[in-house]
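*Asks:* Sequence plus the predicted model coming up.
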Amino acid sequence: MGDHKYFIGEAINKPAIHHESFEKLWETKWKAPCAMGVYPFMFGCLADFEPIAHSIISAGLKPPYDWDAYASHFLPQASNLLSIADEALASGNKEKASEYYLRASAVFRIARFPAIRSPKQNECWKAGKDAFYKGAALMEFPIKEVLVPHAYAKQGEGDTIPANYLVPPGTGKFPVVLIFTGLDGHRTELAVWQRGWLDKGVATVVVEIPGTGDSPANAKDPESPDRQWSSVLDWIAAQKELDAQRVVVWGFSTGGYYSLRAGHTHADRLLGVVSQGGGCHHMFDREWLEKVNVLEFPFDLANALAFKWGYDTLEKFIQEAGKFSLVNDGTLKKKSCKVLLVNGKKDEIFPIEDLYVALEHGGPKLARAVAGRKHMGEPEAFFVILEWIHEVLGLDGDVASQMRGLPSRMKY
């Protein structure tokens with residue numbers, strides 16, 4: 001580490017090339033995952049995105065982005081995909097209709113990515129949800145939207161928590177994987193994991209974290225997530241087909257911060273929590289937040305985090321960010337359920353130091369730092385996590401089939 005505070009060392013001072021322009025972002029960071037249909041292009045197709053990318057590149061868009069102008073480039077293609085989906089549905093081809101609705105939802109997603117910061121991005125979020133649920137309704141096992149009553153809401157917070165819900169066929173009480181989404185990945189895309197859990201006999205509930213998607217929680221209140229999760233867990237306990245004694249939380253990225261917190265605030269109601277790529281303390285450092293706008297994340301991460309936590313400027317967020325630290329507020333000293341921490345050692349979104357901070361407080365926890373990988377420790381991290389959840393829930397341990405079943409290639 002030398003003189004550097006963080007494990008990534010001198011990398012903290014090296015802006016990534018993809019911040020120079022959208023053209024660089026597309027060519028160096030996004031085109032390959034788009035071709036594979038993986039994050040952030042779940043349900044997406046390269047053929048759908050290439051014309052959009054060329055349009056944005058031709059317009060010369062680069063940071064700082066005008067988010068309405070950025071989003072507008074996605075609308076013609078999304079409209080085209082919706083038309084194809086509507087036609088397929090009218091002609092009775094449900095499979096094709098489902099795929100094209102989901103492909104349209106992927107286009108709307110990247111239009112509102114990474115945070116819903118403009119009127120047009122908000123339109124894209126709403127249109128993307130509509131397209132997603134149309135496609136999800138036509139799946140072999142339809143993913144439904146449920147509105148969980150927010151029983152513990154404080155004044156000013158919304159009264160429902162929208163969530164994705166999928167239960168295996170048959171009767172009985174099914175264990176639950178409760179997915180906490182991230183800063184930019186919402187319930188409409190982390191749905192990619194739901195079918196695989198159904199095949200293992202596990203129900204899934206996918207819910208957004210405060211300050212993102214449709215979460216009703218007060219983003220600025222450090223305790224608002226606790227109220228939201230209490231409402232969700234009460235709802236799970238009220239469903240006759242769910243086993244409230246066997247609930248595991250899987251938090252993705254910023255959602256990993258929230259799952260780690262929940263593992264301590266709701267220890268007696270959870271069998272285990274996974275924090276994948278989540279921070280807890282140094283993610284709120286001024287030294288970190290002043291650098292990460294131009295590192296691994298595709299766009300201005302620090303600004304997007306400030307927005308997510310309810311601040312209109314990065315400086316205001318930095319000044320108050322310490323109140324969200326799970327060390328500063330004593331959360332990590334509390335008793336916890338089983339905790340698994342997983343991240344890439346070279347993470348430039350949330351520092352790997354936070355994984356070690358979590359290990360230094362409270363009860364013992366399991367951890368895996370993935371060498372040579374950046375944020376989230378993908379793809380190795382997924383195998384580590386799935387194996388652990390299988391063990392905790394007493395499943396078959398065949399995680400390879402679950403990974404192979406992830407939707408990545410489009411048929412039509």
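*Replies:* Yep, it's here.
*Asks:* what about the residue nearest to Phe284 when sequence neighbours are not counted, which SS state?
*Replies:* Nearest non-adjacent residue to Phe284, counting by Cβ to Cβ, 6 or more residues apart in numbering: Ala321, 3.8 Å away. For every residue, glycine as well, the C-beta is placed using N, CA and C. State at Ala321, reduced to three classes by DSSP: H, G, I helix; E, B strand; the rest coil: helix.
*Asks:* Test my guess that Ala321 contacts Leu314.
*Replies:* No: using Cβ atoms under 8 Å, Ala321 is not in contact with Leu314, being 9.8 Å away.
*Asks:* anything in contact with each of those two?
*Replies:* With contacts taken as Cβ atoms under 8 Å, 6 or more residues apart in numbering, Ala321 and Leu314 have Leu289 as neighbours in common.
*Asks:* tally of neighbours for the residue nearest to Phe284?
*Replies:* Neighbour count of Ala321, defined by other Cβ atoms under 10 Å: 22.
*Asks:* Just the pLDDT for it.
*Replies:* Looking at Ala321, its pLDDT reads 98.
*Asks:* That one and Lys220, how far apart?
*Replies:* 11 Å (Cβ to Cβ, to the nearest Å).
*Asks:* same question, Lys94
*Replies:* Applying Cβ to Cβ to Lys94 and Lys220 gives a distance of 44 Å.
*Asks:* Lys24 belongs to a strand?
*Replies:* No: assigned with three-state DSSP, Lys24 falls outside any strand and is helix.
*Asks:* Identify the contacts common to Ala321 and Lys220.
*Replies:* Shared contacts of Ala321 and Lys220 (Cβ under 8 Å, 6+ apart): Trp309.
*Asks:* correct me, but Ile57 touches Glu23?
*Replies:* Yes: counting by Cβ under 8 Å, Glu23 is a contact partner of Ile57 at 4.4 Å.
*Asks:* Please tell me how far the closest residue in space to Lys335 that isn't next to it in sequence sits from Ser336.
*Replies:* Once flanking residues are discounted, Lys335 sits nearest to Ala267: 5.2 Å by Cβ to Cβ, 6+ apart. According to Cβ to Cβ, Ala267 stands 5 Å off from Ser336.
*Asks:* Of those two, which one has the most company?
*Replies:* Ranked by neighbour count (other Cβ under 10 Å), Ala267 and Ser336 place Ser336 first, with 25 against 17.
*Asks:* Find the helix or strand that that one is a member of.
*Replies:* Under DSSP states H and E, no helix or strand contains Ser336.
*Asks:* Check Ala367 too.
*Replies:* Going by DSSP H and E, Ala367 is part of strand 366-370.
*Asks:* Now Tyr165: closest residue in space, sequence neighbours ignored.
*Replies:* Closest residue to Tyr165 apart from its sequence neighbours, by Cβ to Cβ, 6+ apart: Val146 at 4.5 Å.
*Asks:* State the three-state secondary structure for the one you found.
*Replies:* Assignment for Val146 (three-state DSSP): strand.
*Asks:* who touches it in this structure?
*Replies:* Residues near Val146 by Cβ under 8 Å, 6+ apart: Pro162, Ala163, Asn164, Tyr165, Val205, Trp235.
*Asks:* Among those, which lie within strands?
*Replies:* Using DSSP state E, the members of these that fall in strands are Pro162, Ala163, Asn164, Tyr165, Val205.
*Asks:* what separates Arg373 from Asp221, distance-wise?
*Replies:* Applying Cβ to Cβ, the value for Arg373 to Asp221 is 33 Å.
*Asks:* Tell me the most packed of the ones in strands among the contacts of Val146, by neighbour count.
*Replies:* Busiest of the ones in strands among the contacts of Val146 [other Cβ under 10 Å] is Val205, holding 27 neighbours.
*Asks:* Helices of the stretch 1-150 of the chain, start to end?
*Replies:* Along the stretch 1-150 of the chain, the stretches classed as helices by DSSP state H, counting those that start in this stretch are 22-25, 31-36, 46-58, 67-72, 75-90, 94-112, 119-137.
*Asks:* helices or strands next to the biggest strand by length in the chain in the packing?
*Replies:* Identified as the longest strand of the chain according to DSSP E is strand 242-252. Counting contacts by 3 or more Cβ pairs under 8 Å, 6 or more residues apart in numbering; DSSP states H and E, strand 242-252 packs against strand 174-180, helix 224-238, helix 254-265, strand 272-276, helix 380-393.
*Asks:* what's the second one packed up against?
*Replies:* Read it as helix 224-238. Using 3+ Cβ pairs under 8 Å, 6+ apart, helix 224-238 is in contact with strand 144-149, strand 160-166, strand 174-180, strand 203-207, strand 242-252, helix 254-265.
*Asks:* tell me which residues of the first one are tucked away?
*Replies:* It refers to strand 144-149. Across strand 144-149, burial judged by 16 or more other Cβ atoms under 10 Å covers Glu145, Val148.
*Asks:* got the CA coordinates for that strand in PDB?
*Replies:* What follows is strand 144-149, C-alpha atoms only, in PDB (Å, rounded to 0.1, in the frame of the first residue of the first chain):
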ATOM      1  CA  LYS A 144     -45.600 -10.300 -10.200                       C
ATOM      2  CA  GLU A 145     -45.400  -6.900  -8.600                       C
ATOM      3  CA  VAL A 146     -46.700  -6.700  -5.100                       C
ATOM      4  CA  LEU A 147     -47.300  -3.600  -3.000                       C
ATOM      5  CA  VAL A 148     -46.000  -4.400   0.400                       C
ATOM      6  CA  PRO A 149     -47.800  -2.200   3.100                       C
END
